[in-house]
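# Based on what follows, work out the 3D shape:
(2 chains)
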Amino acid sequence: MSRLGALLARETALAWGKGGGPLVSVGFYAGVATLLPLAIGPEPARLAAIAPGAAWVGLALASLLSLDRLFERDYEDGALDHLVLSPTPLELTCAVKCFAQWLATGAPLALAAPVAAIALGAPLNLAPLVFVCALIGGLAFAFTGGIGAALSLGARRGGLLTAVIVLPLFVPPVIFGGGALASYLAGLPWTSGLVLLGAYAAAFVALGPLFMAAACRNALS
Amino acid sequence: MIPAPAFLTNPERFMAFSRWAAPMFGAIAVVLGVAGLWLGWSAPPDYQQSFTVRILFIHIPTAWMSEFVYACLAVASLLSLVWRQVLADAAAQAAAPLGAGFTLLTLATGSLWGRPEWGTWWVWDARLTSELILFLIYLGYMALRASMDDEAKAARAAAILGLVGALILPVIHYSVYWWNTLHQGASVFRSGGSALAPVFFWPVILIVLAYTSAFGSLWLVRIRGEVWRRRAEAAALRAARG
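Next up, the predicted model:
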């Protein structure tokens, strides 16, 4: 247990350390949310119609950004070899790494998401749901994204490749979260989207580390 | 494991088998394809779609093939990942571009059919969207394979991705349907239960069989090419060592 705690502390420290990775993600997210009205036009009615969806898609893109740091750095400096050799199962190690990724990137982005949605014109009462969706969706993005990050270890153009592999895996959470937000705004029952989003996140928290560990072992073999 | 026939696992026996099987499947494909096209061409125009219905004779089979090829790729990935069969890996590698081709053909023929019938090239309907995502998955698979220099690593990474894709495809399919029904209710574009008339049914079935056979032939040819390439590489390495 203390090993896992130490690993979590290490991952969080690395994420928050030099360069302030999470802040860069939030900055990127703010940039996307700023570019959008510039491209679409400033009419409040038009912006308000797309605000929840735009805030949600920006979140998925911002989660992609920091994925290449999840395994790549440890792979390059040899720390991943040590993690494989440790008595902790590699699957558990991968799960902790993704969890730390969620704490470091998903949580700050979840705080930024309601702000972006409201700035684009979403009503104030949508903010709690945006936050909850972003928090759960961030978990799904971290654990599906980890699969792509682990698979593209040792490949050329790793970052871009990760995005190409991971984007199809982002389709269901984007749909479920966007659906929950849209039906909440339309006054329809919105819980099914949130529940499906949670189910998807839970499935990948369970299954994702198996694929990640297999991919890491393969990259180091 | 299930005892696989030796002509599919042993490269020597496979080469001997595919030597005659590939042309045979090709010939079957030509015969069935010509018969299906002839039947389709002589079918009466549909009372609503008139002659545009003929696009469907090639559209429905490509759509079917795009998913069938992914199933083949996933099974080959499993065989290569779990039982480390060399030929299974070559088979998965050979299937991906064929599947991507069928998917692209499906999107293109569907688009050509949609323009006169729906009045639009593209609509964000559940079926269209999940076909597009299937195309993206094929692209990701090929990109992953192409971007690794170490072939053994590329093979295993690609096999893992192939299995992840097989796991995720039904979920994507379901989620896209959920999204579509959420946004636009019952879609007019859904083929609502109306079974095809026999005069349209038989050309489609014949062309499905022709495509399957053509895929079998092309697949075998591509696997043979892959086996030859690996042999040539091994020979070059031996020659370099002196």
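# need the residues of chain A near chain B, please.
Taking Cβ under 8 Å from any Cβ of the partner chain as the contact definition, chain A meets chain B at A:147, A:151-152, A:154-157, A:161, A:164-165, A:167-169, A:171-172, A:175-176, A:178-179, A:182-183, A:196, A:200, A:207, A:211, A:214-215, A:218-219, A:221. Every residue, glycine included, has its C-beta placed from N, CA and C.
# From those residues, list just the buried residues.
Listed as buried from the residues of chain A next to chain B are A:147, A:151-152, A:154-155, A:161, A:164-165, A:167-169, A:171-172, A:175-176, A:178-179, A:182-183, A:196, A:200, A:211, A:214-215, A:218-219; burial here means 16 or more other Cβ atoms under 10 Å in any protein chain shown.
# Please identify the helix or strand for residue 159.
This is for chain A. helix A:158-185 (DSSP states H and E).
# You answered for a different chain; I wanted chain B.
In this assignment (DSSP H and E), B:A159 forms part of helix B:151-184.
# and the angle for that helix with helix A:158-185?
Angle between the axes of helix B:151-184 and helix A:158-185 is 20 degrees (criterion: axes from the mean of the first three to the mean of the last three Cα atoms, to 10 degrees).
# Helix B:151-184 vs chain A: in contact?
Yes: with Cβ under 8 Å from any Cβ as the criterion, chain A is reached by helix B:151-184 at B:152-153, B:156-157, B:160-161, B:163-165, B:167-168, B:171-172, B:174-176, B:178-179, B:182-183.
# Let's see the PyMOL selection covering just the buried ones among those residues.
Restricted to buried positions by 16+ other Cβ under 10 Å, the PyMOL selection for the residues of helix B:151-184 next to chain A reads:
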select buried, chain B and resi 153+156+157+160+161+163+164+165+168+171+172+175+176+178+179+182
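# check contacts around B:S217.
Neighbouring residues of B:S217 by Cβ atoms under 8 Å, 6 or more residues apart in numbering or on different chains: B:A22, B:P23, B:M24, B:F25, B:G26, B:A29.
# tell me the contacts of the first one?
Going back to what we said before, that points to B:A22. By Cβ under 8 Å, 6+ apart, the contact list for B:A22 reads B:S217, B:L220, B:V221, B:R224.
# Ok, the last one next?
For B:A29, the contact set (Cβ under 8 Å, 6+ apart) comprises B:A210, B:Y211, B:S213, B:A214, B:G216, B:S217.
# quick one: which of those residues sit in helices?
Counting by DSSP state H, the part of the contacts of B:A29 found in helices is B:A210, B:Y211, B:S213, B:A214, B:G216, B:S217.
# now the residue of chain A most remote from its centre: how far from A:G121?
Distance to the chain centre peaks in chain A at A:E43, reaching 30.1 Å (criterion: Cα atoms, centre = their mean). Distance from A:E43 to A:G121, counting by Cβ to Cβ, to the nearest Å: 10 Å.
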